[in-house]
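> model this:
(chains A and B)
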Amino acid sequence: DAGVTQSPTHLIKTRGQQVTLRCSPKSGHDTVSWYQQALGQGPQFIFQYYEEEERQRGNFPDRFSGHQYPNYSSELNVNALLLGDSALYLCASSLAGPSNYGYTFGSGTRLTVV
Amino acid sequence: RKEVEQDPGPFNVPEGATVAFNCTYSNSASQSFFWYRQDCRKEPKLLMSVYSSGNEDGRFTAQLNRASQYISLLIRDSKLSDSATYLCVVIDSWGKFQFGAGTQVVVTP
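Sure, this is the predicted structure:
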């Protein structure tokens, strides 16, 4: 039973570039949430996707956008990269509902912006 | 004020000792509470849920105090492998996970 898989694992980009990160949820999960974790900080909620729509959003600028596909996989896109976007980007999948059991994280994509 | 606050530590704990730390939250309508463990440069992993009546899982005990809006985690008989950052997670009334910045625990021989 595959857990949450994220790709790539590491990425180096230049300021101003655009990046796409990918996430495949755990089998049976239909909801994907994205988080940004800067060094020494807790994960910060970016947004959540369910039924191919953005359901909730945290305090991130419009440069951060996403998508969810019919197979529940998801992408996080960041445009006009800034040095401050360097962080570990975590994807978590879950099954929609009130219980929140099964909320599982992928191992993350470490993005470095130079 | 941050929605979820934790003492960053580090808490330096001799092997075999007990350590406890809290997490405070600001939204009184928060629904659910969890403790996650995160090892260096790894993803967070669920340690345990926190129930109103308090709950125990082996050497770990979690408590919730709704009146004072904090949760706690106690680790008994600390092992070297308990060294990690412990993240407090609060699910708000919108179902959104709010993470604390984490409490670092270092267990020393």
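> Next, the contact list for A:Leu39, please.
Under the criterion of C-beta atoms under 8 Å, 6 or more residues apart in numbering or on different chains, the neighbours of A:Leu39 are A:Ala87. The C-beta positions use only the backbone N, C-alpha and C, and glycine is treated the same way.
> if I look at it, how far off is A:Leu82?
Separation of A:Leu39 from A:Leu82 (C-beta to C-beta, to the nearest Å) stands at 15 Å.
> likewise A:Arg57?
If you measure A:Arg57 against A:Leu82 using C-beta to C-beta, the figure is 19 Å.
> Please work out how many residues are found near the closest residue to A:Leu76 other than its chain neighbours.
Closest residue in space to A:Leu76, ignoring its immediate chain neighbours: A:Leu21 at 4.5 Å, by C-beta to C-beta, 6 or more residues apart in numbering or on different chains. Neighbourhood size, A:Leu21 [other C-beta atoms under 10 Å in any protein chain shown]: 22.
> Residues of chain A that sit close to chain B?
By the rule C-beta under 8 Å from any C-beta of the partner chain, the part of chain A lying against chain B is A:33, A:35, A:40-45, A:48, A:56, A:58, A:88, A:90, A:92, A:98, A:100, A:103-108, A:110.
> Which residues of chain B lie near chain A?
Close to chain A, as judged by C-beta under 8 Å from any C-beta, chain B has residues B:4, B:6, B:8, B:31-32, B:41-46, B:87, B:91, B:94-102.
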